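Novice: What follows is a predicted protein model with its sequence.
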Amino acid sequence: MGYVSAVPVPQPRATSAEAAATAANTARRSLVAALVLGAAGAGVVLLSSGRTWAEGNAAVVGGALPVTADGGEVTGLPTALAVVSLAALVAVFAVRGVGRILVSALLVLSGAAAGTMSYLAGTADDALSDKAIRTTGDSAVVLSGLSHTAWPYVSVAGAVLLLLAGVLALRHGSSWPAMSGRYERDGSPRSARTPATTDPDRPEDLWKALDRGEDPTDT
């Protein structure tokens, strides 16, 4: 009894249209993800900066005075970097080529720096001591019961989202569209529109020219 060898059946290759559609879907998903991550990250950082990061009690005559410091009082850098990140995320769509790479890198660096500063400031007591001095007017005031909240680490999480948005922009930004209307989707310049001719003896042509913003008397 003979054996029949199995002949591998060639698999159909994806057409260029299918490859283009896949690339377009990938670009679209990465674009949406970057926008969502960037907006959410900046929002979380800005929200966290207004919440209490450190708290304690300042010793005063007759008892203790509660003192708190929010994120903006501890360090204003995460807030500033979140604003820079938002600006960079918008600027990604206004530039092309090397400019887009540089702006995407700025977004990555801003997210990383915002996270680092939030983490380092999460255990700092200098801002709380300065506020206690301003509140009591005593440069030798003693603080007790010092504690830190979880908001600095929430800010770190928001900064990580900004960082991820920057990574997506670096990885897929070259396939994203730009805001400029001077080019078609294929990147070629749009052809100049041929001005319509106007017959001064025909009133309907005069009205059409005025609707187009043209001067019908300019010949």
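Specialist: Structure received.
Novice: If you count contacts, what does the longest helix anywhere in the chain end up packed against?
Specialist: Taking DSSP state H as the criterion, the chain has its longest helix at helix 16-49. Applying 3 or more C-beta pairs under 8 Å, 6 or more residues apart in numbering; DSSP states H and E, one finds that helix 16-49 contacts helix 71-74, helix 77-91, helix 98-121, helix 151-172. Where you see a C-beta, it was placed from the backbone N, CA and C, and this is true even at glycine.
Novice: pLDDT of the first one, averaged?
Specialist: In this model, helix 71-74 carries a mean pLDDT of 90.
Novice: The last one now?
Specialist: The predicted model assigns helix 151-172 a mean pLDDT of 95.
Novice: and the angle for that helix with helix 98-121?
Specialist: Going by axes from the mean of the first three to the mean of the last three C-alpha atoms, to 10 degrees, helix 151-172 is angled at 160 degrees with respect to helix 98-121.
Novice: Tell me which other helices or strands helix 151-172 touches.
Specialist: helix 16-49, strand 52-60, helix 71-74, helix 77-91, helix 98-121.
Novice: Which strands and helices lie in contact with the fourth one?
Specialist: Same thing as helix 77-91. Counting contacts by 3+ C-beta pairs under 8 Å, 6+ apart, helix 77-91 is packed against helix 16-49, helix 71-74, helix 98-121, helix 151-172.
Novice: can you rerun that using 6 Å?
Specialist: In terms of contacts (3 or more C-beta pairs under 6 Å, 6 or more residues apart in numbering; DSSP states H and E), helix 77-91 is packed against helix 16-49, helix 98-121.
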